[in-house]
Every structure is written in structure tokens, then in C-alpha cells.
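Enquirer: What follows is a predicted structure for the sequence shown.
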Amino acid sequence: MITMADVNQMDFEQFIERFGNVVEHCPLAAGAIWASRPFSDVNDIHECVSTFLDSLPYHGRQAVLRVHPDLAGRVAQQGTLTSESAGEQRSAGLTELTEEERQQLTDQNHRYKAKFGFPFVVCARQNKKAAILSGLEERLRNDEDEELRTGLEEVKKITYLRLLDIVGPAEGRPETAERED
Ligand code: 2AL
């Protein structure tokens, strides 16, 4: 864990090194907010990232979703996920799927991508595998605009938990990164 004083003293390269993957495969998000220092706490950094994501044009927001790996997908099976993503997928129980569950998730992920063109994204640390499987089925019924919006809100949740892992909770807010169930 590092202090906000440490964060606020980082040069651009150090900042990218530490925060470059708070949005999966999107170091540009960290690069874009560096100039907003000094940050007061985790919520301040998160607010800046969220504002940056919301400011992206339609295809930019689509691209943020597109660089996310499928849950329990090919990249996970090859063992080449980022360490953050691997931990998140493990915490949701996605490394312990039965063959039937894996088949169901693969099938749902395919249908989702065929309909929307970008992958299904959900904050895995806030869900268990059963909730992910049923949630995916439900979200398949939405339209593209709604899913772009929902996917981006999930990216923000993932980012918040990744930021907590780096700088810890804001003063007076004993939040933890994990679900309480
Ligand atoms: C992910 C991921 O990599 N971490 C997470 O919480 N969700 N991916 C995804 N497609 O939802």
C-alpha cells in the first residue's frame, strides 16, 4: 500500500507503472489523469478515472470494453491474464467451474459478443459464479446502448477495487475490496 503523498510525488512514468492497469489494458486512463494531481484520496482518483471514461467518444468506450478478457475464456485458459484479472476471476470462483458451467459461460459469452460486438464485462470480485451466469443471461436481453453503459459502470467498479488495493480506503472509510458474503 502506498500513501497519497507517494502518489502525488510520482512522475508520469512512475504513475503509469503503478496505475497503468487500474483500467484493464488501458494505461491511457492513468496517463490522462496524472495531470490532475494532487489527489486527495482513492475516491478522488476514481472520480478522475470515471470522468475520463465518460468523456470518451462512443467508439472509445466500446474499445475500453473490447480489451477486457472474457471471463473464464481463452486468455484465462492460456494462463496469460493480467495478475489483477486472474485474481478477480479466481475470487468469483471462475477457476473452479464444472465442465457444464464452463460450457454455459462460453456459450453465453459468444452470444453476448455476437449481439453487441464487445465482451460481457462485470466486476468479478463483487459476484459469485452463479450470479455471473444468471446476470449474463439477463443482460443479453438489453440493447447495445444499455450494455455499453452497464459495462462501463462495471469497469468503474473494477477500477475502484484495484485502486483500493494500491492506495487503501479514504480516511474514515474502512472499505474493503472484497464482498462480505
Ligand atoms: C473481468 C476482469 O478481467 N476482471 C473483472 O472483474 N471482470 N472481465 C470481464 N470480462 O468481466
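Expert: Looks like it came in fine.

Enquirer: how far is the helix or strand where Val49 lies from where the chain is centred?
Expert: Val49 is part of helix 42-55, with elements assigned from DSSP states H and E. Average the C-alpha atoms of helix 42-55, do the same for its chain, and the two points are 13 Å apart (CA atoms, centre = their mean, to the nearest Å).

Enquirer: quick one: is the next helix or strand after that helix near the ligand?
Expert: Using DSSP H and E, the next helix or strand after helix 42-55 towards the C-terminus is helix 58-66. No. Interface with the ligand: helix 58-66 contributes nothing (CB under 6 Å from any ligand atom), its closest point being 8.2 Å away. C-beta coordinates here come from the backbone N, C-alpha and C atoms, glycine included.

Enquirer: Tell me the helices and strands packed up against whatever helix or strand comes next after helix 58-66.
Expert: Using DSSP H and E, the helix or strand that follows helix 58-66 in sequence is helix 74-78. For helix 74-78, the elements it packs on are helix 83-91, judged by 3 or more CB pairs under 8 Å, 6 or more residues apart in numbering; DSSP states H and E.

Enquirer: Output the contacting helices and strands for the helix it packs on.
Expert: Using 3+ CB pairs under 8 Å, 6+ apart as the contact definition, the elements that helix 83-91 packs against are helix 74-78, helix 144-167.

Enquirer: Residues contacting the first one, please?
Expert: With contacts defined as CB atoms under 8 Å, 6 or more residues apart in numbering, helix 74-78 is touched by 69-70, 81, 85-86, 89, 94-95.

Enquirer: Spatially central residue in this protein, please.
Expert: Geometric centre of the chain, nearest residue: Ile158, 3.4 Å, by CA atoms, centre = their mean.

Enquirer: Test my guess that Arg102 contacts Ala72.
Expert: Yes. A contact is recorded between Arg102 and Ala72 when judged using CB atoms under 8 Å, the distance being 6.2 Å.

Enquirer: Of those two, give the one with the bigger neighbour count.
Expert: Of the pair Arg102 and Ala72, Ala72 is the one with more neighbours under other CB atoms under 10 Å, namely 23 against 14.

Enquirer: Kindly report the residues of the protein close to the ligand.
Expert: Proximity of the chain to the ligand is assessed by CB under 6 Å from any ligand atom, with 24, 68-71, 85, 88, 119-125, 158 identified as the residues in range.

Enquirer: Could you count how many residues lie near Phe19?
Expert: For Phe19, the neighbour count with other CB under 10 Å is 24.

Enquirer: which residues does it contact?
Expert: Under the criterion of CB under 8 Å, 6+ apart, the contact list for Phe19 reads 30, 45, 163, 166.

Enquirer: just those now: which is nearest the ligand?
Expert: Leu163 (13.5 Å; CB to the nearest ligand atom).

Enquirer: Give me the spatial nearest neighbour of that closest one, chain neighbours excluded.
Expert: Distances taken as CB to CB, 6 or more residues apart in numbering place Val42 nearest to Leu163, at 5.1 Å, with adjacent residues excluded.
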